[in-house]
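> No letters, just coordinates:
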């Protein structure tokens, strides 16, 4: 799975739940979405991702719920969802290193 797919197909985005959602909340979201998809509800057909909207299918919902049932897989998806939520620097903005940032604000960088 490439990085783009890890973001777009992230189970948290597919199910529309927060990264800290409890398992019962995840299961309820999956069941609700499956029910809505089965009757063709328009609002269930797409979901938002940091890379734009994506199409939701019953297979994606089932796969997302299954992935989040496995604690090890869930951790990986949480990490990717966190990375995807990071703001992108504005064009022309050059990030600086932590040691330099500490020096600029009067702190002492470990070295």
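Thanks, I have it. Just so it is clear, the model here is predicted, and its values are computed rather than measured.
> which residues does residue 14 contact?
47, 54, 56, 60, 61, 63, 64 (CB atoms under 8 Å, 6 or more residues apart in numbering). Where you see a C-beta, it was placed from the backbone N, CA and C, and this is true even at glycine.
> That one is in what secondary structure piece?
Assigned by DSSP states H and E, residue 14 belongs to helix 11-15.
> What is the distance between whichever helix or strand comes after that helix and the centre of its chain?
Later in the chain than helix 11-15, the nearest helix or strand by DSSP H and E is helix 23-38. Remark: helix 23-38 is offset 17 Å from the chain centroid, using CA atoms, centre = their mean, to the nearest Å.
> which residue ranges form the helices in the chain?
Counting by DSSP state H, the chain has these helices, from start to end: 3-8, 11-15, 23-38, 58-69, 71-85, 98-104.
> would you turn the ones you listed into CSV with mean pLDDT?
Output for these, formatted as CSV (pLDDT from 0 to 100):
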stretch, mean pLDDT
helix 3-8, 89
helix 11-15, 96
helix 23-38, 96
helix 58-69, 98
helix 71-85, 89
helix 98-104, 72
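> Leaving out sequence neighbours, find the closest residue to the residue positioned nearest the centre of the chain.
Centroid-nearest residue in the chain, with CA atoms, centre = their mean: residue 81, separated by 2.7 Å. Distances taken as CB to CB, 6 or more residues apart in numbering place residue 12 nearest to residue 81, at 4.6 Å, with adjacent residues excluded.
> can you pull the contacts of that neighbour?
Per CB under 8 Å, 6+ apart, neighbours of residue 12: 18, 19, 21, 64, 68, 77, 78, 81.
> repeat that for 10 Å
18-21, 26, 29, 49, 64, 67-68, 74, 77-78, 80-82, 84-85 (CB atoms under 10 Å, 6 or more residues apart in numbering).
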